[in-house]
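Chemist: following is a predicted model, sequence given first.
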Amino acid sequence: MSSNADLISSAYDAFARGDIEPVLAVLDPKVEWTEAAGFPTAGTYTGPEAVAGVFVRLGTEWENFEAVPDRIAADGGTVVATGTYSGTFKETGRSFTARFAHVWELRDGMVVRFEQVADTAKVREAVA
């Protein structure tokens, strides 16, 4: 059985490949997914289908959008990842690079809560 940190690391790897199904598969049916205020997808989404909508927007509104973690640390059911976002907003043609922190809460091998903290000023520069 893999650790919570391994599970989240695998989710980032799948996202990087553009394969969102493995990511959605580890989300609890009632997952609460919170995107930072100031991010184009800001808000709280409930359930894997709603989260899939966030991923669709990232894939359609951005070119080469990436979320690359450089550190993943776990303490029981909490996993924190820090890393770097990058991409080009298709509508403006502007690129960005910004730091992020993600807090994942897991129960019984399923993600029940996700919170994104990001340098949204850098993101807003790309979308404005």
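Modeler: Happy to help now that I have it.
Chemist: give me the buried positions along the helix or strand containing Val51.
Modeler: Assigned by DSSP states H and E, Val51 falls within helix 48-61. Of the residues in helix 48-61, Pro48, Val51, Ala52, Val54, Phe55, Leu58 count as buried by neighbour count, 16 or more other Cβ atoms under 10 Å. All C-beta spots, glycine's among them, are computed from the backbone N, C-alpha and C.
Chemist: bridged to Arg94, which residues?
Modeler: Per DSSP bridges, the residues bridged to Arg94 are Phe89.
Chemist: do you know how far it is from Glu63?
Modeler: 11 Å (Cβ to Cβ, to the nearest Å).
Chemist: and what of Thr92?
Modeler: Thr92 is 11 Å from Glu63, by Cβ to Cβ.
Chemist: buried sites along the helix or strand hosting Tyr85?
Modeler: Assigned by DSSP H and E, Tyr85 falls within strand 78-89. Within strand 78-89, the residues that count as buried by 16+ other Cβ under 10 Å are Val79, Val80, Ala81, Gly83, Tyr85, Ser86, Gly87, Phe89.
Chemist: over to stretch 88-97?
Modeler: Under the neighbour-count criterion of 16+ other Cβ under 10 Å, stretch 88-97 has Phe89, Phe96 buried.
Chemist: residue boundaries of the helices in the chain?
Modeler: With DSSP state H as the definition, the chain shows helices at residue ranges 4-16, 21-25, 48-61, 120-127.
Chemist: other SSEs contacting the longest one?
Modeler: What that stands for is helix 48-61. Judged by 3 or more Cβ pairs under 8 Å, 6 or more residues apart in numbering; DSSP states H and E, helix 48-61 is in contact with helix 21-25, strand 27-35, strand 43-46.
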